[in-house]
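Novice: Sequence first, predicted coordinates after that:
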Protein chains: 2
Amino acid sequence: MKVGGKAVAIVSGGMDSTVLAYDLAQCYELTLLSFNYGQRHAKELQYAARTANKLGVPHHVIDLTNVTHLLGGSSLTSGNIDVPDGHYAADNMRITVVPNRNAIMLSVATGVAVSIGANVVATAVHGGDHYIYPDCRPEFVKAMDAAMAVATLGFSAPTFRLFAPYVHWSKADIAAYGSSLGVDFADTWSCYKGGDVHCGSCGTCYERREAFNDAGVPDPTVYLATPDYSDPRKVLSRA
Amino acid sequence: MKVGGKAVAIVSGGMDSTVLAYDLAQCYELTLLSFNYGQRHAKELQYAARTANKLGVPHHVIDLTNVTHLLGGSSLTSGNIDVPDGHYAADNMRITVVPNRNAIMLSVATGVAVSIGANVVATAVHGGDHYIYPDCRPEFVKAMDAAMAVATLGFSAPTFRLFAPYVHWSKADIAAYGSSLGVDFADTWSCYKGGDVHCGSCGTCYERREAFNDAGVPDPTVYLATPDYSDPRKVLSRA
């Protein structure tokens, strides 16, 4: 048993949750959970599996497509709605929201935690997500922690809690910390479009590039295109 | 549009949630959600469908078996663990708990509510469930309501809330109220064993029979056996 106990970490295969996995593996006996919610970029799940292999920890992929087919309208799951290009901004990124996704994933992860006796459920929500996604905000983590505690009272580990260590961090903070932990960011996937290489022009690709740049961490990513971010309408000198 | 707005009700096909559906149908444009979580008594879902037909409202069955196969150990989902006989009591009914089931179902229902613009998610948890199931208690409903509100802020209807009108009621109260609403209880299923008729000897059959009896409502149920409830070890003059 490790000093922190047992943790269940929700890992998408992106930068933030991959850093979270390396972070927790230091002190917790770790189980990784990924969710297939019909996302266009389901290839991120292969990256989560790669991290599980490197860390030598169990990894479960839970198929939520039966759930999310009812939660229509998001460009992350609907093949017929385009992922918006350009910088993250509420107006064009709202369409990427899957209704209540994080509460659903945290509820399921809490059930798994109860069933294996884990005392922590961890999520890599971070400060950069707050503006657009209500279920990435500190208020949500706090309220959900309270709800999960009473939901599992008498069944979960006595010290059970939701843990969102990066909720006040920027993505650059996470990149810098991950670099210090030895994370190979080539083992992570961000692009919402889910092509062969990162597109370079969607909101997550922008965020990814900016995080490496701001953190002064080398960016190992191959991008299909380098857009002129100063004018999102001026798209994109494709490679 | 009905005066209450739109509601999503979680309906198992049991007595309580069937009464809830009839109750809400008075004032809300209603959508029924049922969950297949691999329960041995999945035939209850046919009863939920019957209620949806009678009320003329949409009914979605969401398959959560991909989720619950990871939440092992409950006799409600594991074919190799027997459902305990006898009166409900913590010691022998704890084994029927699916970890965090209600939080998972409410999170999914909240996502559906956001996607269809419903202002209410309703659940038929009641006072009789409190002792055993933490996720049926008023504290849970309150905490979960707060969590879902912040999770969906800016996306859910402005008056969005979780609604658990029977959380302080007994099952007999629900039976009496349902009777006054004209619910045909032959359209409901309780038995955890999921046989051809109600077994009469499991905890839910006991509860069902007791509720009708206490409410003075005729019980239309065919039971396989009538056990001596005064001594649960003295089982069961099977029919």
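Specialist: Perfect, thanks for sending it.
Novice: Put the alpha carbons of the strand or helix carrying A:T110 into PDB.
Specialist: Assigned by DSSP states H and E, A:T110 falls within helix A:101-116. What follows is helix A:101-116, C-alpha atoms only, in PDB (Å, rounded to 0.1, in the frame of the first residue of the first chain):
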ATOM      1  CA  ARG A 101     -20.000  15.300 -18.700                       C
ATOM      2  CA  ASN A 102     -17.700  15.800 -15.700                       C
ATOM      3  CA  ALA A 103     -20.500  15.100 -13.200                       C
ATOM      4  CA  ILE A 104     -21.300  11.900 -15.000                       C
ATOM      5  CA  MET A 105     -17.700  10.800 -15.200                       C
ATOM      6  CA  LEU A 106     -17.000  11.700 -11.500                       C
ATOM      7  CA  SER A 107     -20.200   9.800 -10.400                       C
ATOM      8  CA  VAL A 108     -19.000   6.700 -12.200                       C
ATOM      9  CA  ALA A 109     -15.500   7.100 -10.900                       C
ATOM     10  CA  THR A 110     -16.800   7.400  -7.400                       C
ATOM     11  CA  GLY A 111     -18.800   4.200  -7.800                       C
ATOM     12  CA  VAL A 112     -15.600   2.500  -9.000                       C
ATOM     13  CA  ALA A 113     -13.700   4.000  -6.000                       C
ATOM     14  CA  VAL A 114     -16.300   2.500  -3.600                       C
ATOM     15  CA  SER A 115     -16.100  -0.900  -5.300                       C
ATOM     16  CA  ILE A 116     -12.200  -1.100  -5.000                       C
END
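Novice: element containing A:V121?
Specialist: strand A:120-122.
Novice: How far away from the center of its chain is the helix holding A:T110?
Specialist: Offset of helix A:101-116 from its chain centre (Cα atoms, centre = their mean, to the nearest Å): 15 Å.
Novice: Now the phi/psi pair for the residue lying farthest from the centre of chain A, please.
Specialist: Here the centre of chain A is the reference, and by Cα atoms, centre = their mean the most remote residue is A:G154, at 29.6 Å. When quoted as degrees, to the nearest 10, the phi and psi of A:G154 stand at phi 90, psi -10.
Novice: show me the contacts for it.
Specialist: With contact taken as Cβ atoms under 8 Å, 6 or more residues apart in numbering or on different chains, A:G154 is in contact with B:P134. Placement of C-beta: from N, CA and C, glycine included.
Novice: same question, the one 5 residues further on
Specialist: By Cβ under 8 Å, 6+ apart, the contact list for A:T159 reads A:5, A:119.
Novice: helix or strand for it, which one?
Specialist: Using DSSP H and E, no helix or strand contains A:T159.
Novice: Please report how far it lies from A:G117.
Specialist: Distance of A:T159 to A:G117, computed by Cβ to Cβ, to the nearest Å: 11 Å.
Novice: Over to A:V67?
Specialist: 26 Å.
Novice: So which of those two has more stuff around it?
Specialist: Between A:V67 and A:G117, counting by other Cβ atoms under 10 Å in any protein chain shown, A:V67 is the more crowded of the two (28 against 12).
Novice: Just to be sure, the more buried one is in a strand?
Specialist: No. Under DSSP: H, G, I helix; E, B strand; the rest coil, A:V67 sits outside any strand and is assigned helix.
Novice: what are the ranges of the helices in chain A?
Specialist: Using DSSP state H, the helices of chain A run over A:15-25, A:44-55, A:65-68, A:90-93, A:101-116, A:138-151, A:171-180, A:203-215.
Novice: Switch the ones you listed over to TSV; also include mean pLDDT and distance to chain B.
Specialist: Converted to TSV, the helices of chain A look like this (pLDDT from 0 to 100; distance: least, Cβ to the nearest Cβ, whole Å):
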stretch	mean pLDDT	distance to chain B
helix A:15-25	98	18
helix A:44-55	96	14
helix A:65-68	82	4
helix A:90-93	46	9
helix A:101-116	95	4
helix A:138-151	97	4
helix A:171-180	98	21
helix A:203-215	93	18
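Novice: isn't A:H59 right up against A:L30?
Specialist: No. Using Cβ atoms under 8 Å, A:H59 makes no contact with A:L30, being 9.7 Å away.
Novice: between the two, who's got more neighbours?
Specialist: Per other Cβ under 10 Å, whichever of A:H59 and A:L30 has more neighbours is A:L30, with 28 against 20.
Novice: nearest residue to that one other than its sequence neighbours?
Specialist: Of all residues not flanking A:L30 in the chain, A:V57 sits nearest, at 4.5 Å (Cβ to Cβ, 6 or more residues apart in numbering or on different chains).
Novice: Could you tell me how many residues sit around the one you found?
Specialist: 19.
Novice: One more: the one 3 residues further on?
Specialist: A:H60 sits with 15 neighbouring residues when counted by other Cβ under 10 Å.
Novice: Please name the bridge partners of it.
Specialist: Beta bridges link A:H60 to A:L33 when assigned by DSSP bridges.
Novice: any idea how far B:T68 is from it?
Specialist: The gap separating A:H60 from B:T68 is 12 Å, by Cβ to Cβ.
Novice: do the same with A:V112
Specialist: Using Cβ to Cβ, A:V112 is found at 10 Å from B:T68.
Novice: Check A:D135 too.
Specialist: Separation of A:D135 from B:T68 (Cβ to Cβ): 22 Å.
Novice: quick one, which of these two is more surrounded?
Specialist: For A:D135 versus B:T68, the count of surrounding residues by other Cβ under 10 Å is larger for A:D135: 29 against 26.
Novice: which one is the more buried one nearest to, not counting chain neighbours?
Specialist: Leaving aside its chain neighbours, A:D135 sits nearest to A:N102 (3.8 Å; criterion: Cβ to Cβ, 6+ apart).
Novice: just A:A143 next, same as before
Specialist: A:A143 sits nearest to B:A147 (Cβ to Cβ, 6+ apart), 4.0 Å away.
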